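K.L.:
Fold the following for me, if possible:
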Amino acid sequence: MKEFRLHTMESAPEGSKPFFENSIKNYGSLPNLHAIFGEEPAALDAYQQLHSLFQQTDFNAEELTVIWQTINVAHGCAYCVPAHSLVASVMGVAPALNDALRNGDPMPTPKLQVLHDTTLAILRERGQVDDAVLERFYDAGYEQKHILGILLGMAQKVMSNYINHIAKTPLDEMFQPFAK
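P.N.:
Here you go, the predicted structure:
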């Protein structure tokens with residue numbers, strides 16, 4: 001079977017090189033996920049834009065982490081779970097929250113639990129979510145814009161989780177301390 005290539009700045013298609021520069025600027029090196037996405041510049045561009053746009057939603061760092069890790073864990077992504085553990089750490093998210101997400105434990109607050117449950121329901125039910133789930137979500141203080149934000153984060157995570165499964169993306173050294 002043909003393996004996916006971990007592109008470098010030298011081997012990447014010309015269209016990917018500006019995105020590689022962006023990755024190196026943001027991470028200090030080129031993450032293997034981005035090196036694989038570099039095969040198709042439009043896919044790498046889309047992934048980076050989705051990541052940036054998701055961080056511009058009305059979710060705080062804890063909520064972003066809940067959405068990312070809920071999806072990563074549900075998809076069983078051996079690359080993204082440790083990668084987003086590092087991201088959570090950098091964003092100042094308490095390790096206990098990240099550990100709870102990774103271990104399937106209850107969230108530390110009722111509002112974060114509702115966010116976790118709603119994200120899982122959208123994922124598992126492929127958007128055909130029961131009205132009772134949405135009512136709990138809105139009763140917790142979230143709004144319709146937050147549903148759209150979850151979907152934005154989900155689009156990003158489907159891209160990364162699925163390519164990591166298909167390509168068997170090797171875990172970068174910087175993420176290895178967060179692997180279990």
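K.L.:
secondary structure class for Glu3?
P.N.:
Under DSSP: H, G, I helix; E, B strand; the rest coil, the three-state class of Glu3 is coil.
K.L.:
quick one: the longest helix anywhere in the chain to chain centroid distance?
P.N.:
When the chain is parsed with DSSP state H, its longest helix is helix 144-167. Averaging C-alpha positions (CA atoms, centre = their mean, to the nearest Å) puts helix 144-167 6 Å from its chain's average.
K.L.:
so which helix or strand takes in the residue lying closest to Asn98 once chain neighbours are set aside?
P.N.:
The shortest distance from Asn98 to any non-neighbouring residue, by CB to CB, 6 or more residues apart in numbering, is to Ala88 (4.7 Å). From N, CA and C alone the C-beta is placed, and that goes for glycine too. Assigned by DSSP states H and E, Ala88 belongs to helix 80-90.
K.L.:
For the helix or strand that that helix is followed by, which outside residues touch it?
P.N.:
Remark: after helix 80-90, the chain's next helix or strand is helix 95-103, criterion DSSP H and E. In this structure, residues lying in contact with helix 95-103 by CB atoms under 8 Å, 6 or more residues apart in numbering are 62, 65-66, 69-70, 73, 81, 84-85, 88-89, 105-108, 112, 116, 180.
K.L.:
going on from helix 95-103, what's the next piece of helix or strand?
P.N.:
By DSSP H and E, the next helix or strand past helix 95-103 is helix 110-124.
K.L.:
and this protein, what are its domains?
P.N.:
For the chain, the structural domains run 7-56, 60-178, going by automatic domain parsing.
K.L.:
Show the average pLDDT along the longest one.
P.N.:
This points to domain 60-178. The average pLDDT within domain 60-178 is 97.
K.L.:
again with the first one
P.N.:
Rounded to a whole number, the mean pLDDT of domain 7-56 is 95.
K.L.:
and that domain, how far out from the chain's middle?
P.N.:
Per CA atoms, centre = their mean, the centroid offset for domain 7-56 relative to its chain is 15 Å.
K.L.:
hang on, the earlier thing: for the longest helix of the chain, give me every contacting residue.
P.N.:
3-4, 33, 36-37, 43, 46-47, 50-51, 53-54, 57-59, 64, 67-68, 71-72, 75-80, 118-119, 122-123, 127, 134, 137, 169.
K.L.:
could you redo the last one with a cut-off of 7 Å?
P.N.:
4, 33, 36-37, 47, 50-51, 53-54, 57-59, 67-68, 71-72, 75, 77, 79-80, 118-119, 122-123 (CB atoms under 7 Å, 6 or more residues apart in numbering).
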